[in-house]
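Engineer: Mind folding the following:
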Amino acid sequence: MNYYKAKINEKVFLKVLIFNFFILIFFTSVIQADIMVEPSRYIINVKPGARVTEKVMVTNQSERTLNLYANFYDWDLNEKFELETYELGTLPSSLEGYFRFNPRRFSLEPGQSQIVRFTIDIPEEEMERERRGIIFFEHEGIIEQEGGGATVISRIGTTVYAIPSELEFSLNLLDMKVLRNEKGEILIAYLTENDSNRHLRFYLKYSLISAEGQLIEEETIEETVLLPGMKRSVAHPLHTQLESGEYELVAEFNFPNTDEKLTQSIVFKVR
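Structural biologist: Alright, predicted model coming up:
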């Protein structure tokens, strides 16, 4: 059973609120129209001691032959919630030693596609936490310049999450407020924390209601991703110009592929 906890931590909320950046769930160091990779993300539930095999479709959309190499890296999010890659085996969440490709090197003619299979095999005693990585399909290219050329490595990737099937997620709602910024805009702001050993995803649906019970505005905010141990603040502007009076904001946190919900209500006044 997943569970949720509500806490108030004013100092942490105000400190983290300034880092209001969107999480990148898909990353490429160089976005290449030459190659298409499908899908762009894998969320794999792994049973204890089980071996899992998935496949990636790689397509050459260029007009030349490409020699490709599949590589695997660790990744994490920095303090700006931007994805950063690391050498395989750098992070505790690494899939080093539990991951292999077939094939790893291959060539594609123009318009040709290749299925690349990858296998994840994690010993049961090592399945205390989620593990993740990013697959990059890399190829070398030449940039022509006056007097010569330069060799560059281009790559496009797909992220992989391997989650033990018995591992539950836990979301802490640390704080939630309705604020007015220096521009006079009214914002719904909330601070959440993932204190479990697996990542979680949620989206927020809110309703703005007048003192007379009339629905003024409602919207669903795009999906938010929290990695294990991560705190994240979001500030979202309300779109309606509000007159003086009392209002209620009802916020519903929803979690994809589950029936779980967390509802929070805030009564506030506009002067």
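Engineer: CA atoms for contacts and neighbours, from now on please.
Structural biologist: Noted.
Engineer: count of neighbours near Glu126?
Structural biologist: Counted with other CA atoms under 10 Å, the burial measure for Glu126 works out to 12 neighbours.
Engineer: That one and Ser170: what is the separation?
Structural biologist: In this structure, Glu126 and Ser170 are separated by 21 Å, where distance is defined by CA to CA, to the nearest Å.
Engineer: What of Gly89?
Structural biologist: Applying CA to CA, the value for Gly89 to Ser170 is 26 Å.
Engineer: One more: Leu208?
Structural biologist: 27 Å.
Engineer: do the same with Ile156
Structural biologist: For Ile156, the distance to Ser170 - CA to CA - is 32 Å.
Engineer: So for those two, which residue has more residues nearby?
Structural biologist: Here Ile156 and Ser170 are compared on neighbour count by other CA under 10 Å; more neighbours surround Ile156, at 25 against 19.
Engineer: so which helix or strand takes in that one?
Structural biologist: Taking DSSP states H and E as the definition, one finds Ile156 inside strand 148-164.
Engineer: what helices or strands is the helix or strand following that strand leaning on?
Structural biologist: Scanning forward in sequence from strand 148-164 by DSSP H and E, the next helix or strand is strand 170-180. Taking 3 or more CA pairs under 8 Å, 6 or more residues apart in numbering; DSSP states H and E as contact, the helices and strands that strand 170-180 lies on are strand 3-6, helix 10-17, strand 186-194, strand 261-270.
Engineer: Can you pull the poorly scored residue ranges out of the chain?
Structural biologist: The model of the chain has pLDDT under 70 over residues 1-33, 141-152.
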